[in-house]
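> the sequence isn't on hand, but the structure is:
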């Protein structure tokens, strides 16, 4: 049986504009396979903490949320910054295919803020 992941994105605002409200709802069903890690929470550091290292022969979906109320966390793919998460912010995106071994790293701006993350290999 195929494994699936169903992301739902909902953006709403009643004050984004002085003349209108805003609403967007998007949903999709993604086929995923191993390796995968359902969500977990770990402490990051200024030096960086490795979330995942593998030769990515298929793209990977990554979810991350900065659980801290003060510090920023940068998500890196190797040495390349891919996401900057302020306090409480989230991201969900598909990584690029990379046949070389590559690490997903979470690096804190200061202290040891916690990050909640999960990843799922695209099927």
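Cool, the structure landed. Here the structure is a predicted model, which means the values were calculated and not measured. Residues are numbered from 1 along each chain as shown.
> biggest strand in the protein by residues?
Ranked by residue count and defined by DSSP state E, the top strand of the chain is strand 30-43.
> looking at it now, give me its mean pLDDT.
The average of the pLDDT scores along strand 30-43 is 90.
> now the residue of the chain positioned farthest from its centre: how far from residue 10?
Centroid-distance maximum for the chain: residue 19 at 33.2 Å, with C-alpha atoms, centre = their mean. From residue 19 across to residue 10, the span is 22 Å (C-beta to C-beta, to the nearest Å). (C-beta placed from N, C-alpha, C; glycine too.)
> go on, residue 105?
29 Å.
> before we move on, what about residue 25?
Taken as C-beta to C-beta, the span from residue 25 to residue 10 is 5 Å.
> pretty sure residue 68 is touching residue 114, no?
Yes. Between residue 68 and residue 114 a contact is recorded at 6.3 Å, counting by C-beta atoms under 8 Å.
> more crowded one of these two?
residue 68 (23 against 16; other C-beta atoms under 10 Å).
> residues in contact with the closest residue to the more buried one other than its chain neighbours?
Spatial nearest neighbour of residue 68, chain neighbours left out: residue 113 (3.3 Å); criterion: C-beta to C-beta, 6 or more residues apart in numbering. Neighbour list for residue 113: 43, 44, 66, 67, 68, 70, 71, 73 [criterion: C-beta atoms under 8 Å, 6 or more residues apart in numbering].
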